[in-house]
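Engineer: from the sequence below, what's the structure:
(one chain, ligands or ions: 1)
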Amino acid sequence: MVYDRGMLEEKTVLVTGSAGFIGSHLCERLLKEYPGIRIVGIDDLNDYYDVSLKEYRNEKLLKYPNYTFLKGDIADKKFLEEIFSEYRFDLAVNLAAQAGVRYSLENPDVYVSTNLLGFFNLLEMIRNHPVEHFLYASSSSVYGGNTKVPFSTEDKTDHPVSLYAATKKADELMAYTYTHLFGMKTTGLRFFTVYGPAGRPDMAYFSFTQKLLKGDKIRIFNYGNCKRDFTYIDDIVEGIVRIMEKGPKEDYNLYNIGNSHPEDLMEFVDTLADSLKRYELLPKDFDVKEHMELVGMQAGDVPVTYADTFALEKDYGFHPDTPLKDGLDRFSRWYKEYYG
Ligand SMILES: NC(=O)c1ccc[n+]([C@@H]2O[C@H](COP(=O)([O-])OP(=O)(O)OC[C@H]3O[C@@H](n4cnc5c(N)ncnc54)[C@H](O)[C@@H]3O)[C@@H](O)[C@H]2O)c1
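Structural biologist: Numbering: from 1, shown residues only. Purely as a prediction, here's the structure:
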C-alpha cells in the first residue's frame with residue numbers, strides 16, 4: 001500500500017498525554033519524520049507513576065522547535081477552551097487517560113474525571129472547533145472476559161470487568177454519538193499491552209524488572225495461567241501514524257492494534273529474565289523461578305488478550321509483528337542506560 005508520507009507536513013496536531021509512554025513516542029516519531037508538522041502537547045504530569053520519567057520524555061520533545069508543551073488537565077474545560085481558541089488543529093489524538101486496571105479498584109474518581117469528563121470535554125472542543133480527524137486511545141480491556149479469540153472489533157463488548165474498561169467503552173460510545181450527531185470523523189484505537197523503552201513503571205514487564213533487580217519476588221497472577229498479546233511501542237506508533245496519514249476510512253472507526261501472538265505469562269517472564277541477563281542487569285546464573293510467587297487472579301484482570309488485526313491490515317496495510325525477544329532487548333538496553 002502506498003502512502004503519501006508527506007500528508008502530515010504542515011499539519012497542526014494536538015496530542016494529549018504527550019509526556020506519557022505512547023504519547024511521547026508518537027510525538028517524537030512525528031517530529032522526526034515531518035519537519036513541517038506542528039505539535040501541541042498537553043499533559044498534567046500527574047504522579048500516578050514516577051514524574052521524572054514523564055519529564056525525561058517531555059524534555060526530549062522540547063528540543064524540537066515545532067513542539068509546544070502545555071501543562072494542564074483535560075478535565076479542566078477552561079484550560080482546553082483557551083487552547084482551542086488559540087490554535088487551529090487539523091488533527092487531535094487523545095492519549096491522556098488514567099490507565100491501569102488494578103489502580104481503578106482503589107481510585108475510581110480519577111478515572112471518571114480524566115477518562116469520562118476529560119474525554120467529553122475534548123469531544124465538545126472538537127464539536128465547536130472541528131478537526132479533520134479525532135483519534136483516541138481505547139483499550140483491549142473493553143473485551144472483558146470474552147472467551148472467543150482472537151478479539152475482533154465486531155465482537156460484543158458489553159461486559160467490561162473493571163471501571164477502567166468501562167470508561168474506555170464509554171469513550172467509544174460517546175465518540176459514536178458525537179460522530180453521528182456532529183459530522184465528526186473519529187477513530188478509536190484498542191491497544192493491547194504496550195511495552196518498550198521509557199515505558200510505564202506500573203506495567204508488569206517494568207515492575208518485574210525493578211523487583212528482580214532488587215532481589216524481590218514477583219507476583220504471578222492466576223498462577224501463571226494468563227496470556228497477553230504484548231505489543232511493542234514502535235508497532236503501536238506505526239499503526240497510529242498510518243491511520244493519521246491515510247485518514248479515516250469511515251466517519252466512525254475502531255481498530256485493534258495488537259501483536260496477534262499472545263504469550264504465556266510464564267514464557268514471557270523467562271524471555272524477560274533472559275533479556276535482563278543479556279544486558280548484564282541480572283547475573284547469568286539468576287534463577288527467575290526462585291523469585292516467583294504464584295497467586296490467584298486479581299479482580300478486574302482477564303485471563304487472555306489476543307488481537308484480531310485483520311481490519312487494520314486491510315485498511316492500512318499493517319499489523320504489529322515485533323518479536324517479544326527483540327522488544328524486551330530494546331527495553332533492557334534502555335533500562336540499563338536510563339537507570340545506569
Ligand atoms: N500502555 C498500554 O499498554 C495501553 C494499553 C491499552 C490502552 N492504553 C491507553 O493508551 C493511552 C496512553 O497510555 P500510556 O501507556 O501512554 O499511559 P501513560 O500513563 O504513560 O500516559 C498517559 C499520560 O496522560 C497524562 N494524563 C493523565 N490524566 C491526564 C489529565 N486529566 N489531563 C492531562 N493529562 C493527563 C499522564 O500524566 C500521562 O503522561 C491511554 O489512554 C491508555 O489508557 C495503553
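Engineer: and the pLDDT at A97?
Structural biologist: At A97, the predicted lDDT confidence score is 98.
Engineer: show me where pLDDT drops low in the chain?
Structural biologist: 1-6 (pLDDT under 70).
Engineer: rerun at 90
Structural biologist: 1-7, 101-102, 145, 297-303, 340 (pLDDT under 90).
Engineer: tell me which parts of it are close to the ligand?
Structural biologist: 16-17, 19-23, 42-46, 54, 73-75, 95-99, 114, 118, 137, 139, 191, 193-194, 200 (Cβ under 6 Å from any ligand atom). Just so you know, the C-beta spots here come from the backbone N, C-alpha and C atoms, and that holds for glycine as well.
Engineer: one more time with 5 Å, if that's ok
Structural biologist: 17, 19-22, 43-44, 46, 54, 73-74, 95-97, 99, 114, 118, 137, 139, 191, 193-194, 200 (Cβ under 5 Å from any ligand atom).
Engineer: residue of this protein closest to the ligand, please.
Structural biologist: G20 (2.0 Å; Cβ to the nearest ligand atom).
Engineer: I'd like to know how many residues surround that residue.
Structural biologist: 28 (other Cβ atoms under 10 Å).
Engineer: where's the residue nearest to it when sequence neighbours are not counted relative to E132, distance?
Structural biologist: Spatial nearest neighbour of G20, excluding adjacent residues (Cβ to Cβ, 6 or more residues apart in numbering): L95 at 5.9 Å. Here L95 is placed at a distance of 18 Å from E132 (Cβ to Cβ, to the nearest Å).
Engineer: same check on I220?
Structural biologist: Taken as Cβ to Cβ, the span from I220 to E132 is 45 Å.
Engineer: returning to that earlier point: which ones are touching the residue nearest to G20?
Structural biologist: Contacts of L95 were listed using Cβ atoms under 8 Å, 6 or more residues apart in numbering, and they are V15, T16, G17, S18, G20, I22, G23, L26, Y136, A137.
Engineer: circling back: list buried residues within the residues of the chain next to the ligand.
Structural biologist: Neighbour-count burial (16 or more other Cβ atoms under 10 Å) applied to the residues of the chain next to the ligand gives 17, 19-22, 43-44, 54, 73-74, 95-97, 99, 114, 118, 137, 139, 191, 193-194, 200.
Engineer: among those residues, name the ones in helices.
Structural biologist: F21, I22, K54 (DSSP state H).
Engineer: quick check: closest non-adjacent residue to the second one.
Structural biologist: Sequence neighbours aside, L95 is the residue nearest to I22 in space, at 5.3 Å (criterion: Cβ to Cβ, 6+ apart).
Engineer: again with the last one
Structural biologist: Spatially, and ignoring its direct neighbours in sequence, K54 is nearest to A19 (4.1 Å; Cβ to Cβ, 6+ apart).
Engineer: strands along the stretch 201-340 of the chain, start to end?
Structural biologist: 218-220, 227-228, 231-232, 252-257, 263-264, 292-294 (DSSP state E, counting those that start in this stretch).
Engineer: which stretches of the stretch 51-200 of the chain form helices?
Structural biologist: For the stretch 51-200 of the chain, helices defined by DSSP state H, counting those that start in this stretch occupy the ranges 51-62, 77-86, 103-106, 108-111, 119-128, 163-182.
Engineer: just send the ones you listed back as JSON lines, with distance to L294 too.
Structural biologist: Output for the helices of the stretch 51-200 of the chain, formatted as JSON lines (distance: least, Cβ to Cβ, whole Å):
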{"stretch": "helix 51-62", "distance to L294": "29"}
{"stretch": "helix 77-86", "distance to L294": "46"}
{"stretch": "helix 103-106", "distance to L294": "21"}
{"stretch": "helix 108-111", "distance to L294": "29"}
{"stretch": "helix 119-128", "distance to L294": "37"}
{"stretch": "helix 163-182", "distance to L294": "25"}
